[in-house]
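sequence and predicted model, in that order:
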Amino acid sequence: MAHRCSDKGFLALSIVDYISLLDWTARQIAPVKRGITPKDVPPVFQRLGFEPTTWCKLVLGFGQMFRAVAGTPTTVDATRSRMNQHRFNLSSSARQLLTTAD
């Protein structure tokens, strides 16, 4: 059973890369956690297609940007509600960040 978004295909990461990314993100967002960015994190961003600043904006605004579903604009636009087949809406800020990340 999948428990993390990366287990469900949202982020194609190994557990080691996932933990490194979480650690790096926490150091960027929590001022008391600031430290040296691990050398192995930038390749994770390259594989994901994100700039580190874009990633931090997505993490900080996640709840506002992704109200019902999370994903790339293409994925969200192609997804329909299981109950009533309505389209999901992606906030303009998420759409802009994720479009520039491609």
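Right, received. Where do you want to start? Residues are numbered from 1 along each chain as shown.

tell me the helices and strands packed up against the helix or strand of the chain with the lowest mean pLDDT.
Least confident element among the helices and strands of the chain, by mean pLDDT, DSSP states H and E: helix 41-48 (a mean of 75). Applying 3 or more C-beta pairs under 8 Å, 6 or more residues apart in numbering; DSSP states H and E, we find helix 41-48 packed against helix 15-29, helix 52-60. Where C-beta positions appear, they are placed from N, C-alpha and C, glycine not excepted.

got the ones you listed as JSON lines, with distance to Ser92, mean pLDDT and mean neighbour count columns?
Formatted as JSON lines, the helices and strands packed on helix 41-48 follow (distance: least, C-beta to C-beta, whole Å; pLDDT from 0 to 100; neighbours: other C-beta atoms under 10 Å):
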{"stretch": "helix 15-29", "distance to Ser92": "23", "mean pLDDT": "81", "mean neighbour count": "15"}
{"stretch": "helix 52-60", "distance to Ser92": "13", "mean pLDDT": "85", "mean neighbour count": "16"}
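
among those, which comes closest to Arg67?
helix 52-60 (14.0 Å; C-beta to C-beta).

and the closest one, how far out from the chain middle?
Taking C-alpha atoms, centre = their mean, to the nearest Å, one finds helix 52-60 lying 8 Å from the centre of the chain it belongs to.

mind saving the C-alpha coords of that helix as PDB?
Taking Å, rounded to 0.1, in the frame of the first residue of the first chain, the C-alpha atoms of helix 52-60 are listed here in PDB:
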ATOM      1  CA  PRO A  52      14.900  25.100  -5.500                       C
ATOM      2  CA  THR A  53      13.100  28.400  -5.200                       C
ATOM      3  CA  THR A  54      10.100  27.000  -7.000                       C
ATOM      4  CA  TRP A  55      10.100  24.000  -4.800                       C
ATOM      5  CA  CYS A  56      10.100  26.100  -1.600                       C
ATOM      6  CA  LYS A  57       7.200  28.200  -3.000                       C
ATOM      7  CA  LEU A  58       5.200  25.000  -3.700                       C
ATOM      8  CA  VAL A  59       5.900  23.700  -0.200                       C
ATOM      9  CA  LEU A  60       5.000  26.900   1.600                       C
END
